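Provided below for reference: sequence and predicted model.
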Amino acid sequence: MFVRGTLRLGRIAGIEIAVHPSWLLIYALFAWSATTYASAEYHELTRAGVITLGLVFSLALFASVVLHELSHAIVARRLGIPVGNITLFLFGGVASILREPGAPADELKMAAAGPAASVVIALACLLITLLLPARWAWASDLFSLLAISNAALAVFNLLPAFPSDGGRILRAIIWHYRNSQARATQIAGAASLVVATLLVGGGLFLAFAGERVLGTGPTTMVKGWWWILIGLFLGQAALASMRGARVSLILESMPVGECMARTLIPVPTTTTIAGFIAQMAVGGRSAGYPVVDDGAFVGLVTLQDTAAVPHVLWPQTPITAVMTPSSRTPAISAQMPAFEALETLDSRHIGELPVFENGTLTGVVSKETIFAALHARGKAQS
Ligand SMILES: [Zn+2]
């Protein structure tokens, strides 16, 4: 996400930090409002002092968001989950965690790390405010504002709106009790929709009736529009994760036996690539090709495997040179959920897996056969 058009700032603890141009806009806006506020409030400061204060405050806010995201990223990395970069954009920051956590406890630790960091920063700023001498009103204001901002960052992120931190914590808890990540995502997604609807509803009230009913100033309307914007953003994110979960849910309940190629065309080890291609043309697309030596399974071969060899060498290259040997393809059972087969295919970077029933090879499963089965199911339901 946001890989294009971002500016790289550098690395902290080996994790790259980048900013999206939209963040620069927000940064300038914050620095400008902080400077305007400071020049009106602190007459003891010089013009240069006021501008420095504005820039320092905005930089400190920026650092707070980076520390929040960095905590997520560092915990993820400790749990062995690969981390991309941290990108700051209009709504804050996002640490790109490249894989979903495998267990609810991991998800809980990862999600809680960010808000925990924000709470610690808020408490530290509060402590500094209390320790500063009374004559440094500007410094004490700066730190109390930072304390409030970090507390707000923690609270906003803890809203139970998946995929926010609070939504992830909620999902981890449901996942722990229901033992299904996909089911938990759907429930957490539904809760997020409720939160998003409340935000939009509250925002509409503040924007159109807040000033009159609550007797507050015109900033109430601006606040209302922010609520609406955030509500819509959260609602759309929740709907997207629920859609993804629906597919995962089917994959969790569909056994490999329902989504594998059952037409197997054995390829003897003596076959050349040219011979295999000729055989494929007859066999059709929805078949698996186990390589056999005297009837015994020794590996799997696909059309893609042949792509690495130039055409002119096809007549003399044996199929065993390009096949995935059985030592690299863990055998799976027809009862295994398609979800797990997909994970095995991904983690091992292989195209196909042999499926055995009572010790006999009865099918071959690949991403193509799984998606074809999903597609067929989708068609049957609609
Ligand atoms: Zn977070």
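Arrived safely, thanks for sending.

Quick check, the residue in the stretch 101-250 of the chain closest to the ion?
Closest residue of the stretch 101-250 of the chain to the ion, C-beta to the ion: Gly114 (3.0 Å). All C-beta atoms are positioned from the backbone trio N, CA, C, and that covers glycine.

doesn't that residue fall inside a helix?
Yes - counting by DSSP: H, G, I helix; E, B strand; the rest coil, Gly114 is located in a helix.

Over to Ala307: give its phi and psi.
The phi/psi pair for Ala307 (degrees, to the nearest 10) reads phi -60, psi -30.

wait, Asn85
Phi and psi for Asn85, reported as degrees, to the nearest 10, are phi -120, psi 180.

That one - nearest residue in space that isn't next to it in sequence?
Glu16 (3.9 Å; C-beta to C-beta, 6 or more residues apart in numbering).

cool, Ala18 as well?
Spatially, and ignoring its direct neighbours in sequence, Ala18 is nearest to Thr6 (4.2 Å; C-beta to C-beta, 6+ apart).

If I look at Arg4, what pLDDT would I see?
You'll see Arg4 listed with a pLDDT of 60.

what's the closest non-adjacent residue to Leu229?
Nearest residue to Leu229 in three dimensions, chain neighbours excluded: Gly203, at 7.8 Å (C-beta to C-beta, 6+ apart).

what does the chain put close to the ion?
The chain comes close to the ion at residues 114, 157, 165, as judged by C-beta under 5 Å from the ion.

who touches the first one in this structure?
Put plainly, it is Gly114. For Gly114, the contacting residues are 68-69, 71-72, 157, 165, by C-beta atoms under 8 Å, 6 or more residues apart in numbering.

re earlier: pLDDT at the residue of the stretch 101-250 of the chain closest to the ion, what is it?
For Gly114, the pLDDT comes out at 93.

do the one 3 residues further on as well
Note for Ala117: predicted pLDDT of 96.

mind listing what's buried in the helix or strand containing it?
Ala117 is part of helix 104-131, with elements assigned from DSSP states H and E. Buried residues in helix 104-131, counted by 16 or more other C-beta atoms under 10 Å: 104, 106-119, 121-122, 125-126, 128-129.

Can you give the domain ranges for this structure?
Domain assignment for the chain by automatic domain parsing gives 1-158, 160-253, 256-381.

what's the burial count for the residue nearest to Thr263 when sequence neighbours are not counted?
Counting by C-beta to C-beta, 6+ apart, Thr263 lies nearest to Ala287, which is 4.3 Å off, once chain neighbours are set aside. Applying other C-beta atoms under 10 Å, we find 15 residues neighbouring Ala287.

Which pLDDT does the model give Ala287?
Per-residue pLDDT puts Ala287 at 73.

hmm, back to that, pull the residues that contact the helix or strand harbouring the residue nearest to Asn85.
According to DSSP H and E, Glu16 maps onto strand 15-19. Here strand 15-19 makes contact (C-beta under 8 Å, 6+ apart) with 2, 6-11, 66, 70, 73-74, 77, 83-89, 95.

repeat that for 10 Å
2-3, 5-11, 26-27, 62, 66, 69-70, 73-74, 76-77, 83-89, 93, 95-96 (C-beta atoms under 10 Å, 6 or more residues apart in numbering).

tell me how far it is from the chain's mean position?
On the basis of C-alpha atoms, centre = their mean, to the nearest Å, strand 15-19 sits 16 Å off its chain's mean C-alpha point.

what lines up beside it in the sheet?
strand 7-12 (antiparallel), strand 83-89 (parallel) (DSSP bridges).

that's a helix at Glu44, yeah?
No - according to three-state DSSP, Glu44 belongs to no helix; its state is coil.

Is it correct that it is in contact with Ala137?
Yes - look at Glu44 against Ala137 with C-beta atoms under 10 Å: they come within range, at 8.4 Å.

who's more crowded, these two?
More neighbours surround Ala137 than the other of Glu44 and Ala137, with 13 against 10 (other C-beta under 10 Å).

So the more buried one sits against Tyr42, correct?
Yes - shown here, Ala137 and Tyr42 form a contact pair, counting by C-beta under 10 Å, at 6.9 Å.

Which parts of the stretch 51-200 of the chain are helices?
Listed in chain order, the helices found in the stretch 51-200 of the chain under DSSP state H, counting those that start in this stretch are 104-131, 137-157, 165-178, 181-205.

Buried residues in the third one, which are they?
Of the residues in helix 165-178, those with enough neighbours to count as buried (16+ other C-beta under 10 Å) are 165-172, 174-175.

quick check: angle from the helix or strand encompassing Leu249 to helix 181-205?
Using DSSP H and E, Leu249 sits in helix 219-253. Interaxial angle, helix 219-253 versus helix 181-205 (axes from the mean of the first three to the mean of the last three C-alpha atoms, to 10 degrees): 160 degrees.

quick one: strands adjacent to the helix or strand following helix 219-253?
Once the chain leaves helix 219-253, the next helix or strand it forms, by DSSP H and E, is strand 263-264. Applying DSSP bridges, strand 263-264 is found paired with strand 287-288 (parallel).

now the strand it pairs with: how far from the chain's centre is it?
Its chain's C-alpha centre and that of strand 287-288 lie 34 Å apart, by C-alpha atoms, centre = their mean.

Give me the contact list for it.
Contacts of strand 287-288 (C-beta under 10 Å, 6+ apart): 260-266, 279-280, 300-302, 352-355, 361-366, 369.

what about the helices in the stretch 251-382 of the chain?
273-283, 303-306, 338-348, 367-381.

how far does the first one sit from the chain's center?
The offset between the C-alpha centroid of helix 273-283 and the centroid of the whole chain comes to 41 Å, using C-alpha atoms, centre = their mean.

Could you do the shortest one as well?
The chain centroid and the centroid of helix 303-306 are separated by 32 Å under C-alpha atoms, centre = their mean.

ok, and what's touching it?
For helix 303-306, the external contacting residues (C-beta under 10 Å, 6+ apart) are 273-274, 276-277, 280, 285, 289, 299, 314, 317, 319, 321-324, 351-352, 366.

No further queries at this time; thank you.
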